[in-house]
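Asks: this is a predicted model, with the sequence first.
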Amino acid sequence: MRWPRRRTLRARLTAGLLVLLAVASAAVGGAAVLELNGFLTDRLDQQLTDTGSAFAASLEHPGTDHGDHDGDERGDTRRQAAETLGVRIVDGEVTNAAVVRRGDARADVVTLKVDGGDARTLAAVPRDGHGHSVELTGLDDYRVMAWRGRDGDTLITGLPLEPVEAAVHRLELVAGGVFGLALAGAGVAGALWVRWSLSSLSRIADTAARVSELPLASGTVTLPPRAPDARPRSEEVDQVTSAFNRMLGHVENALTQRQRSEERLRSFSADASHELRTPVASVRGHAELALLHSEQVPLPPEVSRALERIVAEASRMGAVVDDLLLLARLDAGRPLEYEPVDLTRLVLDVVADARAAGPDHRWTLELPQEPVVVSGDRHRLHQLLANLTANARLHTPPGTAVTVEVTRDDDGTARLTVTDDGPGIPPSLRGHLFERFVHGDGPRGADGGGTGLGLSIVAAVAAAHGGTATVTSEPGTTRFTVRLPPRPPG
């Protein structure tokens, strides 16, 4: 039988109390049994000392009077308790052995035939005047005492140990029953007491569980009420409760400061992006106007090249500004324009654009027979797909096969996957792909003109639709998966 590995503190404390109580009960019971056994055995020894060797001596010389009444050739039974044993040993051999049997009227002496094993056991009893316990096959266990006889022989008198053993056994049964009931009662009472004593820890655990379910990584977070003060006033539980409440306060303060910092950063990003759109567009417009006039008034090649670079970089900066402004709006939780969007048609348009932009890649479509329709913002979903195909095109070498697939899961969730057989994504980069301004290095991450915001926009658009964006990659297979619910979130 295998015990479960995980055990609650409550169960372990209760089990520990029961083990300690069981050990204490066993020690008390054992000491009581040993003391009773010793006391009753000493009483037998005292009884043997008081009666002496009279019964055994009567077996030494049958027919001899050892008192003030007629002798009995079968042995002297005066003052002898029932089952008293008398044995005479000469030169290590048992010559006479008898036991007293008491009836209703008188005591009778029954002669015994002692076998070799019992004879050796009796012959080994020292003649020291002390009691010794022996086990006889023909009789029960006996307490015997040996004396030297008048003829140089050995006389042994014994009393049965059965009354002692019965009394000890009865005490064992009574003690076992009492201690068993005490353990059962203590187990129930201890479990209730431990449960009550640890109730504050249970409330702390409940509070911690509620905190662990909060979305601490996003948005304004209100922590649950603090753990109540410990009901059982124990110093240890009070310390845990106080420390836990201080930790919650510290976490709440840190989250509040982080939220304020993020709000300021988002506000700055939105304001900066909005303010930069006009000057960037103006720079690009003036540069294009200058290039237009250069067709009528020739300019030096260096100037024409500089103007062309200004137009290109202004276009690139305009794209970055637009991406930043989009992320700022998504971070601010601005509502999207939800409408039925046919993802199959959207994928056809996006892949057609990708083929035109990347003719040196091999593009493949895998679409279901039925349209896959979700409720979402058509423009944002188009941007999501465009960023995924652009990512595959920019960060894989020419000749790479890119497969775009649309499916619907059993629960109605739409799934978009973009898979390529390029060199893969370095493991150190996979956990940060959907963060902003993340650029890879190596063959896949070589700079292909990306801003480092494309995949962060993918994740933000998917989250705004109540979906998710994930990636798995190994050399030869990189797959981006976007899951979108059929209905808008909330």
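Replies: Ah, there it is.
Asks: so Glu405 touches Val372, yeah?
Replies: No - using CB atoms under 8 Å, Glu405 is not in contact with Val372, being 10.6 Å away. Every residue, glycine included, has its C-beta placed from N, CA and C.
Asks: let me see the contact set for Thr413.
Replies: Residues near Thr413 by CB atoms under 8 Å, 6 or more residues apart in numbering: Gly467, Arg483, Leu484, Pro485, Pro486.
Asks: distance check, the closest residue to the third one other than its chain neighbours against Arg430.
Replies: Which is Leu484. Nearest residue to Leu484 in three dimensions, chain neighbours excluded: Gly467, at 4.2 Å (CB to CB, 6 or more residues apart in numbering). Separation of Gly467 from Arg430 (CB to CB, to the nearest Å) stands at 19 Å.
Asks: pick out whichever of the two has more residues nearby.
Replies: Neighbours were counted for Gly467 and for Arg430 using other CB atoms under 10 Å; Gly467 has more, 21 against 15.
Asks: phi first, then psi, for that one.
Replies: Main-chain torsions, Gly467, degrees, to the nearest 10: phi -110, psi -170.
Asks: where do the strands of the stretch 251-400 of the chain begin and end?
Replies: Taking DSSP state E, counting those that start in this stretch as the criterion, the stretch 251-400 of the chain carries its strands at 339-342, 362-366, 373-376.
Asks: deepest in the core, which of these is it.
Replies: Among the strands of the stretch 251-400 of the chain, the stretch with the highest mean neighbour count (mean count of other CB atoms under 10 Å) is strand 373-376, at a mean of 21.
Asks: now do it: which elements does it pack against?
Replies: Other helices and strands packing on strand 373-376, by 3 or more CB pairs under 8 Å, 6 or more residues apart in numbering; DSSP states H and E, are strand 339-342.
Asks: what packs against the strand it packs on?
Replies: Right, strand 339-342 is packed against strand 373-376, helix 378-394 by 3+ CB pairs under 8 Å, 6+ apart.
Asks: can you list these in JSON lines and add distance to Leu122 and mean pLDDT?
Replies: Shown next, in JSON lines, are these (distance: least, CB to CB, whole Å; pLDDT from 0 to 100):
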{"stretch": "strand 373-376", "distance to Leu122": "102", "mean pLDDT": "90"}
{"stretch": "helix 378-394", "distance to Leu122": "102", "mean pLDDT": "90"}
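Asks: which one of these lies nearest to Val251?
Replies: helix 378-394 (33.7 Å; CB to CB).
Asks: what comes up buried for the closest one?
Replies: Buried positions in helix 378-394, judged by neighbour count with 16 or more other CB atoms under 10 Å: 378, 380-394.
Asks: right, and Leu112 touches Gly138 too?
Replies: Yes - contact status for Leu112 versus Gly138: in contact at 6.6 Å, counting by CB under 8 Å.
Asks: out of these two, which sits in the more crowded spot?
Replies: Each of Leu112 and Gly138 has its neighbours counted (other CB under 10 Å); Leu112 has more, 18 against 12.
Asks: mind checking the SS state of the closest residue in space to the more buried one that isn't next to it in sequence?
Replies: Distances taken as CB to CB, 6+ apart put Ala97 closest to Leu112, at 4.2 Å, once the chain neighbours are dropped. Following DSSP: H, G, I helix; E, B strand; the rest coil, the label given to Ala97 is strand.
Asks: pull the contacting residues for Ala97.
Replies: Counting by CB under 8 Å, 6+ apart, Ala97 makes contact with Leu59, Leu85, Gly86, Val87, Arg88, Thr111, Leu112, Lys113, Val114.
Asks: go through those residues and flag which are in helices.
Replies: Judged by DSSP state H, the subset of the contacts of Ala97 located in helices is Leu59.
Asks: give me the buried entries from the contacts of Ala97.
Replies: Leu59, Leu85, Gly86, Val87, Arg88, Leu112, Val114.
Asks: redo these as a markdown table? Include pLDDT.
Replies: Formatted as a markdown table, the buried ones among the contacts of Ala97 follow (pLDDT from 0 to 100):
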| residue | pLDDT |
| --- | --- |
| Leu59 | 75 |
| Leu85 | 87 |
| Gly86 | 88 |
| Val87 | 89 |
| Arg88 | 89 |
| Leu112 | 83 |
| Val114 | 83 |
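Asks: can you flag which of these belong to strands?
Replies: Residues of the buried ones among the contacts of Ala97 located in strands (DSSP state E): Leu85, Gly86, Val87, Arg88.
Asks: quick check, nearest of these to Gln239?
Replies: Leu85 (70.2 Å).
Asks: so what's the closest one closest to, chain neighbours aside?
Replies: In space, Leu85 is closest to Gly158, 3.7 Å off (CB to CB, 6+ apart).
Asks: quick one: low-confidence parts of the stretch 351-490 of the chain?
Replies: Judged by pLDDT under 70, the stretch 351-490 of the chain has its weakly predicted residues at 439-451, 490.
Asks: quick one: the helices in it, in order.
Replies: Using DSSP state H, counting those that start in this stretch, the helices of the stretch 351-490 of the chain run over 378-394, 427-430, 454-464.
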